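J.: Fold the following for me, if possible:
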Amino acid sequence: MSNVRVTPWQDNDPVPADLLAAMQARRPGGELIDIDRVLLKSFPLATGWNALLGRVRADFSLELLYLELIMLRVAVLNRAEFEWGVHYPVYLKAGGSEEKAQALKQTEPERGLFDEREWMLISLTDQSTKNVNVDAEVIASLKILFGETKTVEAVATVAAYNMVSRFLVALDI
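T.: Residues are numbered from 1 along each chain as shown. Below you'll find the predicted structure:
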């Protein structure tokens with residue numbers, strides 16, 4: 001974290017105990033990661049962030065494989081290396097392949113590597129991240145493939161992880 005543009009929270013700095021416990025509960029072994037330490041510079045931000053991203057990661061009905069595919073693609077499009085590093089192993093553990101992960105790094109991923117569901121999620125992610133606007137046909141296809149609830153969750157995941165990547169990149173985390 002040597003290039004981070006703000007001084008990260010340190011273990012001896014004051015913090016509400018319930019906030020720290022909630023953040024540690026989301027992390028393997030309770031170990032805070034670099035973004036957590038920067039978020040703790042603002043307790044209201046850390047509280048809201050932890051709640052929102054915790055829900056996206058743990059409570060959505062959209063399968064983890066698809067959530068992680070979206071997160072990786074957002075990380076690539078926004079050049080958020082830290083985000084890629086956090087989500088890449090989770091994507092593989094959720095059933096993603098090394099070949100697909102590497103294809104996500106391309107400007108135009110190879111269509112033939114991805115099934116229809118994955119490709120529509122890539123299309124959603126690319127359009128929303130690059131242009132903000134998403135073609136009605138993409139949303140209609142997602143609704144057919146996933147239903148409305150999972151479509152809403154996919155759109156929310158793209159939006160949430162664009163927030164994450166922009167935070168990471170701006171503060172050089």
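J.: Poorly predicted segments of this protein, please.
T.: Across the chain, the ranges flagged by pLDDT under 70 are 1.
J.: and the longest helix belonging to the chain, what does it pack onto?
T.: Determined from DSSP state H, the single longest helix within the chain is helix 148-170. Helices and strands touching helix 148-170, as assessed by 3 or more CB pairs under 8 Å, 6 or more residues apart in numbering; DSSP states H and E, comprise helix 34-39, helix 43-58, helix 64-77, helix 81-93, helix 116-131, helix 136-146. Yep, even glycine has a C-beta here, placed from its N, CA and C like the rest.
J.: who wins for proximity to Val155 among those?
T.: Smallest distance to Val155 across the helices and strands packed on helix 148-170 (CB to CB): 6.8 Å, for helix 116-131.
J.: Could you tell me the angle between that closest one and helix 64-77?
T.: Taking axes from the mean of the first three to the mean of the last three CA atoms, to 10 degrees, one finds helix 116-131 and helix 64-77 inclined to each other by 30 degrees.
J.: can you give me the angle helix 116-131 makes with helix 148-170?
T.: Per the same axes, to 10 degrees, the angle that helix 116-131 makes with helix 148-170 is 50 degrees.
J.: Buried ones in helix 116-131, by neighbour count?
T.: For helix 116-131, burial by neighbour count (16 or more other CB atoms under 10 Å) applies to 117-129.
J.: Can you give me the domain assignment for this structure?
T.: As recorded under the TED database, the domains making up the chain are 17-59, 64-171.
J.: What's the end-to-end length of the shortest one?
T.: Okay, so that is domain 17-59. With CA to CA, to the nearest Å as the measure, domain 17-59 spans 24 Å from end to end.
J.: what's near enough to touch Val56?
T.: Under the criterion of CB atoms under 8 Å, 6 or more residues apart in numbering, the neighbours of Val56 are 67, 153, 156-157, 160.
J.: which of those residues tops the neighbour count?
T.: Per-residue neighbour counts (other CB atoms under 10 Å) across those peak at Thr157, which has 25 neighbours.
J.: from the chain's centre, how far out does stretch 18-26 sit?
T.: Its chain's C-alpha centre and that of stretch 18-26 lie 19 Å apart, by CA atoms, centre = their mean, to the nearest Å.
J.: related to what we said a few turns ago, with the contacts of Val56 in mind, which one is nearest to Leu145?
T.: Taking CB to CB as the measure, Leu145 lies nearest Glu153 of the contacts of Val56, at 12.8 Å.
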